[in-house]
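Chemist: below are the sequence and a predicted model; questions follow.
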Amino acid sequence: MSAKAQHYDVIRKPVITEKATMASENGAVVFEVAMDSNKPQIKEAVEALFGVTVKAVNTTITKGKVKRFRGALGRRNHIKKAYVTLEEGNTIDVTTGL
């Protein structure tokens, strides 16, 4: 497996929500990442894929909600999000796609 493929396994997709948009105004980008990834792996993947310099990485795990589907109880998956703060002058435009 190539190094680029490993980076795409760490970073799943960008999170585009109202809160993520507010974070992007302060130089941060929010990604959904693999549950078993750690902060150094996330930093390395973002720097390699987007060619930017990462200042800090903060992570959070959102527990999946219990929801009903056709009358039966089910659970949504847990999601790990990474708030990646970029150095001054670096930007990532997540609205264009890769």
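Modeler: Right, received. Where do you want to start?
Chemist: let me see the confidence value for the residue nearest the centre of the chain.
Modeler: By Cα atoms, centre = their mean, the chain has its centre lying nearest to Phe31, at 1.5 Å. Phe31 is assigned a pLDDT of 93 by the prediction.
Chemist: what do you get for Gly74?
Modeler: 92.
Chemist: sec struct for the nearest residue to it once chain neighbours are set aside, please.
Modeler: Nearest non-adjacent residue to Gly74, counting by Cβ to Cβ, 6 or more residues apart in numbering: Lys67, 5.8 Å away. The way it works is simple: take the backbone N, C-alpha and C, and place the C-beta from them, glycine included. What DSSP: H, G, I helix; E, B strand; the rest coil gives for Lys67 is strand.
Chemist: can you tell me which helix in the protein is longest?
Modeler: helix 39-50 (DSSP state H).
Chemist: using CSV, list the CA coordinates for that one.
Modeler: Extracted C-alpha coordinates of helix 39-50, given in CSV (Å, rounded to 0.1, in the frame of the first residue of the first chain):
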residue,chain,number,x,y,z
LYS,A,39,-2.7,13.2,16.3
PRO,A,40,0.7,12.8,14.7
GLN,A,41,-0.8,10.5,12.0
ILE,A,42,-3.5,13.1,11.3
LYS,A,43,-0.9,15.9,11.1
GLU,A,44,1.3,13.9,8.7
ALA,A,45,-1.6,13.0,6.5
VAL,A,46,-2.9,16.6,6.2
GLU,A,47,0.5,18.0,5.5
ALA,A,48,1.2,15.3,2.8
LEU,A,49,-2.2,15.5,1.1
PHE,A,50,-2.7,19.2,1.0
